[in-house]
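# give me the fold of what follows.
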Amino acid sequence: MVRSTIIARVADGVPLAASMDDEESSDLTEYKTQAKSIFKRLSPDSDLRCSIETGGSFVFHYLIEFGVCYLTLCDRSYPKKLAFAYLEELQKEFHEKYGNEVASVARPYAFVKFDTFIQKTKKQYKDTRTQKNLNKLNDDLQDVTRIMTKNIGDVLGRGEQLDRMATMSSNLSQQSKKYMKDSKKLNMQALYQKYGPPAIVVGIVLFVLLLRFYWF
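Presented below is the predicted three-dimensional model:
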């Protein structure tokens, strides 16, 4: 069955809406943390549809449309076809209601009222044996066999590697700037040491000559 659902903006990972009935479920806390990490890893180059194995009893499924990611956590035994049919229904309704507002909202869960539709749709997909859901399973038009399946460790691990590379790049840039600054400082010190004493002597001589010229 569908356990949890979160909708987020791909550009920055800001959550837009979520299912509220599972907020008190402590056994899903770890998976919700993973979901937030998945959103942070998303980019314009991410797969538009993907299933992510958690290594436990659940699987993440998500689809991306119009810059919004619709992600759900389901039991491993729950049919993949139904999971994506569920997400498609959410996508159509959400885009119709809030599509024009997604880019402009700043606060998280700006569309919390969408939970009403999420709960209604979850109930419809709860029993896989209903005629409506059986029809969806037998629908040849929806081909889920080509949807990429990944491992949560690979998804989050690659993101962590990219983060480390970005941090290393930033550190190297800062070190390079510091090196340039120190080099300029050392060059100036070398110039002072080389030309400073002669310049002082010349200055004193000129000063003495000027004094003699004006006073004598």
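
# where do the helices of this structure begin and end?
Applying DSSP state H to the chain gives helices spanning 29-41, 80-98, 115-126, 131-137, 152-215.

# distance of the residue nearest to residue 32 when sequence neighbours are not counted from residue 50?
Spatial nearest neighbour of residue 32, chain neighbours left out: residue 4 (6.7 Å); criterion: C-beta to C-beta, 6 or more residues apart in numbering. Backbone N, C-alpha and C define where each C-beta goes, glycine included. As for residue 4, its distance to residue 50 is 17 Å (criterion: C-beta to C-beta, to the nearest Å).

# with residue 81 instead?
Residue 81 is 15 Å from residue 50, by C-beta to C-beta.

# pretty sure residue 102 is touching residue 11, no?
No - applying C-beta atoms under 8 Å, one finds residue 102 not in contact with residue 11, separated by 9.3 Å.

# shared neighbours, the two?
residue 67 (C-beta atoms under 8 Å, 6 or more residues apart in numbering).

# and these two? Which one has more around it.
Shown here are residue 102 and residue 11; by other C-beta atoms under 10 Å, residue 102 has more neighbours (20 against 13).

# residue 107 versus residue 99, what's the distance?
Residue 99 is 18 Å from residue 107, by C-beta to C-beta.

# out of these two, which sits in the more crowded spot?
Neighbour count, other C-beta under 10 Å: between residue 99 and residue 107, residue 99 has more, with 14 against 8.
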